[in-house]
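Asks: Got a predicted structure here, sequence first:
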Amino acid sequence: MATLVTLPSLPPTWTPPSEPASSTSPFVQRRLIPAGAAYLAHVKRTINNLTFDEYDKQVEEEQKRMQLLNADGLNGEDDLGVGDEEEPPELLLLDAKEWKKQDHYQVLGLSHLRYKATPEQIKIAHRKKVLKHHPDKKAGASHTTNDDAFFKCIQKANEVLTNPERRRQFDSVDPVCLSLEEDDPSASDFKGREKDAALFFRTFAPIFEREARFSKKTPVPMLGENDDSKESVHAFYDFWYNFDSWRSFEYLDKEVNEGSDSRDDKRYTEKKNKSERARRKKEDITRLRNLVDFTLNLDPRIKRIKQEEKEAREAKKKTKGGMSAAEQKAKAEEDKRKAEEEAQRKEEEEKIARAEAKKAKTAAANAAKKARRQQRAADADEAAPS
């Protein structure tokens, strides 16, 4: 209940203040622009038709969400669903000195993405792993000196995968992809099922998608579907028979022996690495060519196209406007000539391949002889009296 308060009367000596000598400034009309946190809150409530209580609850939930994100060390960034893969015990026992043998994608928890991982995903995955495995954090939790070998593996994986050139080198020899290549289908897998179109596309479509990442040219035509046109099928095989790959094998180079200052050792190792890279590159080209040949032989579309062409030829023969006997003879001779040229071309390719193999074998033998001579000379120098 309100209480009445009686104010005291003015003293008799009080006089009202005199007016200021200077005149006040004239009134000026100004435009005020609404701004500030209170105004923004008012706008949000108005747009979303929220009461004060509903808006306060929404703000509180948003603050909790941001606190959870900051607690993970991501500063509000979306974690992109990476870096949370299960870490098997053998992964945590990796030797940092053997970093070339480790699976960098597995170390960062990107096994499900591998070469498809974006730079942003690699960045987020690396940050998560650092927060989880940093030596200081682990040592503080156990109050003991902690081995930071796996942390060094994490740093090396990030160093490789954030460098475009080194990542390309690793992707070229990705252990998981190499194992998939070893499991590529063979003739025995299709024995008795050569006409199974569904099995053909289910088997070969992922293989060509995997191989497409090595192409210097883009876009890369994929295997397609069973009802593709003749032009699409021919374009696919034309591209893959002339496939230009950027795949390289520098990642597998052998290092020069530690502590060796011999220029001969370095030159020999570099020469050996160069030879090995060329050999692996040649083997990879042959592997891909055999894969395309095998795909072509099983492709149901090729059989369909040949059947359609045969039917078209037979239909043309039955029409009055078909080829005359002379035209048919000329075409048969032309086909025979092309077949002979193709056979001659293959024979020349085989001859060149044999010559290159013989040359490589001779070079290897000469290198071995030279190495033996050098070893004998070194042995003689050591045996000679000083």
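Replies: That came through, no problem.
Asks: can you give me the offset of the helix or strand containing residue 350 from its chain's centre?
Replies: When elements are defined using DSSP states H and E, residue 350 is found to belong to helix 325-383. Once both centres are worked out by CA atoms, centre = their mean, to the nearest Å, helix 325-383 turns out to sit 36 Å from its chain's centre.
Asks: other SSEs contacting that helix?
Replies: Contact here means 3 or more CB pairs under 8 Å, 6 or more residues apart in numbering; DSSP states H and E; on that basis helix 325-383 packs against helix 263-298. Using the backbone N, CA and C atoms, a C-beta is placed for each residue, glycine as well.
Asks: Could you give me the buried positions within the helix it packs on?
Replies: Of all the residues in helix 263-298, those buried under the rule 16 or more other CB atoms under 10 Å are 268, 269, 273, 277, 280, 284, 288, 291, 292, 294, 295, 298.
Asks: For the helix or strand following that helix, the averaged confidence score.
Replies: Taking DSSP H and E as the definition, the helix or strand that follows helix 263-298 towards the C-terminus is helix 300-318. Per-region confidence: helix 300-318 scores 88 on mean pLDDT.
Asks: then helix 300-318 to CSV, C-alphas only?
Replies: What follows is helix 300-318, C-alpha atoms only, in CSV (Å, rounded to 0.1, in the frame of the first residue of the first chain):
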residue,chain,number,x,y,z
PRO,A,300,28.0,-55.7,-73.3
ARG,A,301,27.6,-52.4,-75.1
ILE,A,302,30.4,-53.3,-77.6
LYS,A,303,28.6,-56.6,-78.4
ARG,A,304,25.3,-54.7,-78.8
ILE,A,305,26.9,-52.2,-81.1
LYS,A,306,28.5,-54.9,-83.2
GLN,A,307,25.2,-56.7,-83.5
GLU,A,308,23.4,-53.5,-84.5
GLU,A,309,26.0,-52.8,-87.1
LYS,A,310,25.7,-56.3,-88.5
GLU,A,311,21.9,-56.0,-88.7
ALA,A,312,22.3,-52.6,-90.4
ARG,A,313,24.7,-54.2,-93.0
GLU,A,314,22.3,-57.1,-93.7
ALA,A,315,19.4,-54.7,-94.0
LYS,A,316,21.4,-52.6,-96.5
LYS,A,317,22.2,-55.6,-98.6
LYS,A,318,18.6,-56.4,-98.9
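Asks: what does that helix contact?
Replies: Residues from elsewhere that reach helix 300-318 (CB atoms under 8 Å, 6 or more residues apart in numbering): 195, 197, 200, 224, 226, 228, 230, 233, 296, 322, 323.
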